[in-house]
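Asks: Provide a 3D model corresponding to the input given below.
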Amino acid sequence: MKYHLRLTCAKIKTSKWKPLVLKFMLAILLAACDDHAILNNPHKAEESLANISYKAFPERPKTLDPARSYSHNESLFTAQIYEPPLQYHYLKRPYTLVPLSAAAMPRVKFLDINKKPLPDDAKPDKVAYSVYEIQIQPGILYQPHPAFAQDNDKRYIYHNIKPGDLQTIYRLGDFDHTGFRELVAADYVYQIKRLAHPTLNSPILGVMVKYIEGLNAYAQTLRQVYQPNAYLDLRKYKLSGVETIDRYQYRVTIIGIYPQISYWLAMPFFAPVPWEADLFYSQKGMKEKNLTFDWYPVGTGPYMLTENNPNRQMVMERNPNFHSESYPISGEESDAVYLADAGKPLPFIDKVIYSLEKENIPRWHKFLQGYYDKSKISSDSFDQAIKVNEDGQAQLTPMMQARDIRLQTSIEASVYFMAFNMLDDIVGGNSERARKLRQAIAIAVDFEEYVSIFLNGRGIAAQGPIPPGIFGYLSGQEGVNPVTHYWHKVNQKRKSLDAAKKLLAEAGYPEGRDINTGRPLLLNYDVVSIGGPGDRARFDWYRKQFAKLGVQLNIRVTQYNRFQDKIRNGIAQVFSWGWLADYPDPENFLFLLYGPNGKVKYGGENAANYQNPRYDTLFEKMKHMPNGPERQNVIDQMIAIVRHESPWLWGFHTKDFELSHAWNRISKPNTIANNTLKYERLEPIVRAARRNQWNQPTFFPLLILAGIVLTILISAFTIYRRNEHKSNTRKFEPYSEIKNQR
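Replies: Just a heads-up that it's a prediction; the model follows:
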């Protein structure tokens, strides 16, 4: 290439066209020689064979502080960095808690009102306190961090930073020294105390003060002693319900019985935080530099955040101090495909690069080019990726199959439903008339059709409040709601419209008209419009569903705040609602219909204001029980009650669709656990080969362009020389004539 360029330059050395031709030739040659430019690879070319996972995120995390973070986009990072005492088994379903940083599952002791021990089988009304004792694994180390750096005299280097010391510091990596230390039980105690810090406004403080002994009083104490812009040393103030037993043990005292606390112990809210890091970040000038827990977590997990530029890229790298953890050696009976790495050390991937991609289309095209390893499916790309067969099953399109792309689906731990306000005079109450009206509508509103039309098949019609994967959910014929469906051969089928019309007539509304007044039945449906083009289509669909019974549906569109007021005050008649699990326990769904959680009377999450004494009694019994046949029996009774009374149209459970390239090791979907990055594995060599195959440079357009430009240049040069020749000829004509005359 270089030799050819020198020859070309030599030939045009004396030409006036040299600058233009030279620039053109350089552009062509550089483009031909630079594969990286041709391929438009958004990643570094030298890392093409590295063990790096490439992912996208749509919006910047608001906070990575474990006392505050509660959003899914934040858990992409916090769950890989922080290690609470417990985690969910990667493979087992229903979701099962196992130790993470804990050495074993917590030991639980029951105490009476005088804090005297009670037997393990004590009746719930006798238990005043539940004491959870947690022992952690010794030898776990924190990631390298400046907060732990010490000099030769064991004094902390960066615990007394002066304002001038930060002039050249712009990110955490700018500090010259780092250190680390062992994880101890006191770090867990410190973090639980942080939940009550007056400046953090932890989203779970309101819940935890009801259960953790002394937490409410502790929060009041901190509000009294806190000094703005000063480090508040939480070690100085005792929290009665949380204390250290020894270096590797601590205890948490719960008021009454609250077995669901175990699920909270699997969240970053209860992960350890070292006091050194809290002091480090609390110093003057640090917040202005974004040197806080919000931007730079400090944990013991498999990864640590090494670059945080949330407007462009966030990078996590393997924690060099990560303790030993292995891939599970067992799972469910059907999990053989996921056990190829059984017993191997975690994590598998060295580095994870998250790039900000706000728009769906660029993110999708980069996935197809192989520049992202996995991808969700947006509505814009659904038809390009998925086709639905005659049985309603989602399949990959030929284009996806040709690239060996895999599709994995999983039902999310959520439920979306249409609810009746049980305080309403028409659709609410316990009368036979209102109940049969609700049952008729529950049959008529075809949520299988809704899922097909508006969710592209990404969901299943619900048969009750509990989604798949949560204890208490029954599949197959056992799980069918007999009010709205029946079992036919191998599938559930929605009852006929005739069955719904029969119930409607029995309710006193034959053909949708009040039998007493002859007037058509008109119901009001309160909704929040998101302003999208699909709103009108959905609203029309709901009208048609009610119209099948002759019932008129009046859509009342309102702003979100006004809608919330209507729900709080019990003004809405019919409305849509949804719930995404905080933790995988049936209590987290069944409490949505628990009377004392009524929205209007108690300000709880029971937006339908449903109340049934028998259901409430069973709920009180169920929520304290361990998973097992006895608890399942109680849940079955509860679900039978609410199916019969139909305070909800049971709606649907959403289904998550994820695409992955062939170089990703097959992984099991998990919609509850967020710390699953450590189980992912990929083959960079295969990825590099596929990228090269799919992104071959096309030089033909360049050659055409070069030919056009050269043709223009040659033509221009020819015209120029011809004109120059003519000009010279005219210049010497008089001299010729004189010479000839002589």
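
Asks: What sits closest to residue 447 if chain neighbours are left out?
Replies: Leaving aside its sequence neighbours, residue 447 sits nearest to residue 461 (C-beta to C-beta, 6 or more residues apart in numbering; 4.4 Å). Every C-beta, even on glycine, is put in place using the N, C-alpha and C of the backbone.

Asks: beta partners for the one you found?
Replies: Counting by DSSP bridges, residue 461 is bridged to residue 652.

Asks: got the domain boundaries for the chain?
Replies: According to automatic domain parsing, the chain comprises the domains 2-40+698-741, 68-286, 414-583+646-656.

Asks: Buried residues in stretch 490-500, which are they?
Replies: 492, 494-495, 499-500 (16 or more other C-beta atoms under 10 Å).

Asks: With stretch 99-118 instead?
Replies: For stretch 99-118, by 16+ other C-beta under 10 Å, it's 99-102, 105-106, 110-111, 118.

Asks: what's the least confident helix or strand in the protein, going by average pLDDT?
Replies: helix 2-11 (a mean of 40; mean pLDDT, DSSP states H and E).

Asks: Check the secondary structure at residue 419 for me.
Replies: Following DSSP: H, G, I helix; E, B strand; the rest coil, residue 419 is assigned to strand.

Asks: Can you verify my assumption that it contacts residue 570?
Replies: No. Using C-beta atoms under 8 Å, residue 419 is not in contact with residue 570, being 11.8 Å away.

Asks: Looking at those two, which is more packed in?
Replies: residue 419 (24 against 19; other C-beta atoms under 10 Å).

Asks: Please name the residues that touch the residue nearest to that one when sequence neighbours are not counted.
Replies: Nearest residue to residue 419, sequence neighbours excluded (C-beta to C-beta, 6+ apart): residue 608, at 4.3 Å. Residue 608 sits next to 419-422, 577, 592-593, 599, 647-648 when contact means C-beta atoms under 8 Å, 6 or more residues apart in numbering.

Asks: tell me which of these is nearest to residue 508?
Replies: Residue 508 has its nearest neighbour among these in residue 420, at 16.5 Å by C-beta to C-beta.

Asks: So the closest one sits against residue 648, correct?
Replies: Yes. Counting by C-beta under 8 Å, residue 420 touches residue 648, with 7.4 Å between them.

Asks: the more surrounded of the two?
Replies: More crowded of residue 420 and residue 648, by other C-beta under 10 Å: residue 420, with 28 against 24.

Asks: And the more buried one, what's its pLDDT?
Replies: We have a pLDDT of 98 for residue 420.

Asks: for residue 378, same thing?
Replies: You'll see residue 378 listed with a pLDDT of 84.

Asks: now the strands for the stretch 401-550 of the chain?
Replies: 406-411, 414-420, 459-461, 485-488, 491-494, 522-528 (DSSP state E, counting those that start in this stretch).

Asks: so what strands line up beside the last one?
Replies: Strand 522-528 has the following sheet partners, assigned by DSSP bridges: strand 552-558 (parallel), strand 574-580 (parallel).

Asks: Relative to residue 61, which of those is closest?
Replies: That would be strand 574-580 among these, by C-beta to C-beta, at 18.3 Å.

Asks: which residues are contacting that closest one?
Replies: Applying C-beta under 8 Å, 6+ apart, the external contacts of strand 574-580 come out as 412-421, 427, 523-527, 553, 563, 566-567, 589, 592, 605, 607-608, 651.

Asks: Please give the number of neighbouring residues around residue 537.
Replies: Neighbour count for residue 537, taken as other C-beta under 10 Å: 11.

Asks: Ok, residue 58 next?
Replies: Using other C-beta under 10 Å, residue 58 has 12 other residues around it.

Asks: How much space separates it from residue 580?
Replies: Computed as C-beta to C-beta, to the nearest Å, the residue 58 to residue 580 distance reads 18 Å.

Asks: just the contacts of residue 608 now: which is nearest residue 467?
Replies: Using C-beta to C-beta, residue 592 comes nearest to residue 467 of these, at 12.1 Å.

Asks: Report the contact partners of that closest one.
Replies: Shown in contact with residue 592 (C-beta under 8 Å, 6+ apart): 465, 579, 605-608.

Asks: so what pLDDT did it get?
Replies: Residue 592 is given a pLDDT of 97.

Asks: tell me the SS of it?
Replies: When classified by three-state DSSP, residue 592 comes out as helix.

Asks: how close does it get to residue 535?
Replies: 25 Å.

Asks: swap in residue 128?
Replies: Computed as C-beta to C-beta, the residue 128 to residue 535 distance reads 51 Å.

Asks: and if you look at residue 250?
Replies: To residue 535, residue 250 is 51 Å away according to C-beta to C-beta.

Asks: Over to residue 560?
Replies: According to C-beta to C-beta, residue 560 stands 14 Å off from residue 535.

Asks: Of those two, which one has the most company?
Replies: The residue with more neighbours, out of residue 560 and residue 535, is residue 535; 15 against 10, by other C-beta under 10 Å.

Asks: which residues does that one contact?
Replies: Residue 535 touches residue 529, counting by C-beta under 8 Å, 6+ apart.

Asks: Near the residue nearest to residue 187 when sequence neighbours are not counted, how many other residues are there?
Replies: Once flanking residues are discounted, residue 187 sits nearest to residue 272: 3.5 Å by C-beta to C-beta, 6+ apart. A count of nearby residues for residue 272, using other C-beta under 10 Å, gives 27.

Asks: Cross-check the contact I'm expecting between residue 272 and residue 188.
Replies: Yes. Using C-beta under 8 Å, residue 272 is in contact with residue 188, at 4.9 Å.

Asks: Could you say which helix or strand holds residue 317?
Replies: Element membership for residue 317 (DSSP states H and E) is strand 313-318.

Asks: That strand: partners in the sheet, and parallel or antiparallel?
Replies: Sheet pairing here is set by DSSP bridges, and for strand 313-318 it gives strand 303-309 (antiparallel), strand 351-356 (antiparallel).

Asks: And that strand, what's buried?
Replies: So for strand 313-318, counting by 16+ other C-beta under 10 Å, buried means 314-318.

Asks: what does stretch 240-255 give?
Replies: 241-244, 248-255.

Asks: returning to that earlier point: mind picking the one among the contacts of residue 592 that's closest to residue 707?
Replies: The shortest approach to residue 707 among the contacts of residue 592 belongs to residue 579, at 64.3 Å (C-beta to C-beta).
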